[in-house]
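1. Everything below, folded, please.
(2 chains)
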There are 2 protein chains.
Amino acid sequence: MDQEQARRWLATALDEARAGLAEGGIPIGAALYGADGTLLGRGHNRRVQDGDPSTHAETAAFRAAGRQRSYRGTTMVTTLSPCWYCSGLVRQFGISRVVVGEAETFHGGHDWLAEHGVEVVVLGDPECVELMRDFIDRHPTLWNEDIGDE
Amino acid sequence: MDQEQARRWLATALDEARAGLAEGGIPIGAALYGADGTLLGRGHNRRVQDGDPSTHAETAAFRAAGRQRSYRGTTMVTTLSPCWYCSGLVRQFGISRVVVGEAETFHGGHDWLAEHGVEVVVLGDPECVELMRDFIDRHPTLWNEDIGDE
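-> This is a model prediction of the structure:
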């Protein structure tokens, strides 16, 4: 896909990540875009805010998009490489593309998705890296909890 | 694990599946048990009830269990083989075991989980099979929507 469009869409996910941080949460945001470029849903990690370990950024955006008959042509944009849980979501529902803000602070399942036919764009965005690096430095235990790392 | 215990725990997941069916929903239920056998959370698919595509039975049980520091020794019990989304959940959070009611009407990611060190017990329970078979016969479109199958 067009890198400029990918960066524009990433801005939505980044807004979500910053909103999560401002609420005292884990700063990861995501957005689901339709095949025609419509924003279907957006959201951010809500582990801290709702005490809900099941709401990662990607699942929040997916939920916000409501029921869809097909995910063909849709793009999941996320500030951070998707964990196995969120990668599984993308694969199961046939989401066509994943735009990853960064995969330096955490390397999830995006290679596995690419192997299974998902178009994956990794942007290496410095602001995404900085958000996560700062957060992990300040809250390592909370971050480990969010990815099930003991 | 002990098959008798697995069947006792499956009864909780089956209760959830039946509750979902009674609400007009997709009859899949799950329960998360702690390493000491305590029930941590239980739930069922809520696509229809809440218009929420992100709440599969396993994610509902996981959410109901709240924040946990570790999933070591826990068991996810589900009436149906977990899809990629729910299999990813199990792998990411290090859930140690999965008890699958049946894998005949749908074969998800449980083999992949076994390859990655998760203990998998498939019970082939006739009531679980019947619940899903009847449901898929009556609501094929809804079922396909739930697994992202066009």
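2. C-alpha from now on. contacts and neighbour counts both.
-> OK.
3. So which bits of chain A are right by chain B?
-> Counting by C-alpha under 8 Å from any C-alpha of the partner chain, chain A comes close to chain B at A:47, A:51-54, A:59, A:62-63, A:66-71, A:83-94, A:145, A:147-150.
4. Keep only those of those that are in helices.
-> Among the residues of chain A next to chain B, DSSP state H puts A:47, A:59, A:62-63, A:84-93, A:145 in helices.
5. hey, where'd the strands end up in chain A?
-> A:29-33, A:39-44, A:75-80, A:97-102, A:119-122 (DSSP state E).
6. now for these, which one comes closest to residue B:32?
-> Closest to residue B:32 of the strands of chain A is strand A:39-44 (C-alpha to C-alpha; 24.7 Å).
7. just how off-centre is the closest one within its chain?
-> Taking C-alpha atoms, centre = their mean, to the nearest Å, one finds strand A:39-44 lying 10 Å from the centre of the chain it belongs to.
8. packing partners for that strand?
-> helix A:3-22, strand A:29-33, helix A:57-64 (3 or more C-alpha pairs under 8 Å, 6 or more residues apart in numbering or on different chains; DSSP states H and E).
9. rewinding a little: in TSV: the strands of chain A, plus distance to residue B:18, mean neighbour count and mean pLDDT.
-> Putting the strands of chain A into TSV (distance: least, C-alpha to C-alpha, whole Å; neighbours: other C-alpha atoms under 10 Å in any protein chain shown; pLDDT from 0 to 100) gives the following:
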stretch	distance to residue B:18	mean neighbour count	mean pLDDT
strand A:29-33	32	32	98
strand A:39-44	31	24	98
strand A:75-80	33	31	98
strand A:97-102	36	26	98
strand A:119-122	39	19	98
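10. could you redo the ones you listed as a markdown table and give each row distance to residue A:16?
-> A markdown table is the format used below for these (distance: least, C-alpha to C-alpha, whole Å):
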| stretch | distance to residue A:16 |
| --- | --- |
| strand A:29-33 | 5 |
| strand A:39-44 | 5 |
| strand A:75-80 | 9 |
| strand A:97-102 | 13 |
| strand A:119-122 | 18 |
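11. Of all these, which one comes closest to residue B:29?
-> Nearest to residue B:29, of these and by C-alpha to C-alpha, is strand A:39-44 at 26.2 Å.
12. now the angle from the closest one to strand A:75-80?
-> 20 degrees (axes from the mean of the first three to the mean of the last three C-alpha atoms, to 10 degrees).
13. give me the beta-bridge partners of the residue nearest the centre of chain A?
-> The residue lying closest to the centre of chain A (C-alpha atoms, centre = their mean) is residue A:78, at 2.8 Å. With DSSP bridges applied, residue A:78 shows beta-bridge pairing to residue A:30, residue A:100.
14. now it: how far from residue A:84?
-> According to C-alpha to C-alpha, to the nearest Å, residue A:78 and residue A:84 sit 14 Å apart.
15. For chain A, give me the ranges with low pLDDT.
-> In the prediction, chain A carries no residues with pLDDT under 70.
16. Skipping adjacent residues, who's closest to residue A:27 in space?
-> residue A:17 (4.3 Å; C-alpha to C-alpha, 6 or more residues apart in numbering or on different chains).
17. do residue A:108 as well
-> Excluding the flanking residues, the one nearest residue A:108 by C-alpha to C-alpha, 6+ apart is residue A:83, at 4.4 Å.
18. So that neighbour is in contact with residue A:146, correct?
-> No: the pair residue A:83 / residue A:146 is not scored as a contact, 9.8 Å apart, by C-alpha atoms under 8 Å.
19. Excluding sequence neighbours, find me the nearest residue to residue A:107.
-> residue A:81 (5.8 Å).
20. what's the answer for residue A:88, then?
-> residue B:85 is the one closest to residue A:88 (C-alpha to C-alpha, 6+ apart), at 4.0 Å.
21. Tell me who's in contact with that neighbour.
-> A:85-92 (C-alpha atoms under 8 Å, 6 or more residues apart in numbering or on different chains).
22. Now do the contacts for residue A:42.
-> Residue A:42 touches A:12-13, A:16, A:29-32, A:60-62, A:64-65, counting by C-alpha under 8 Å, 6+ apart.
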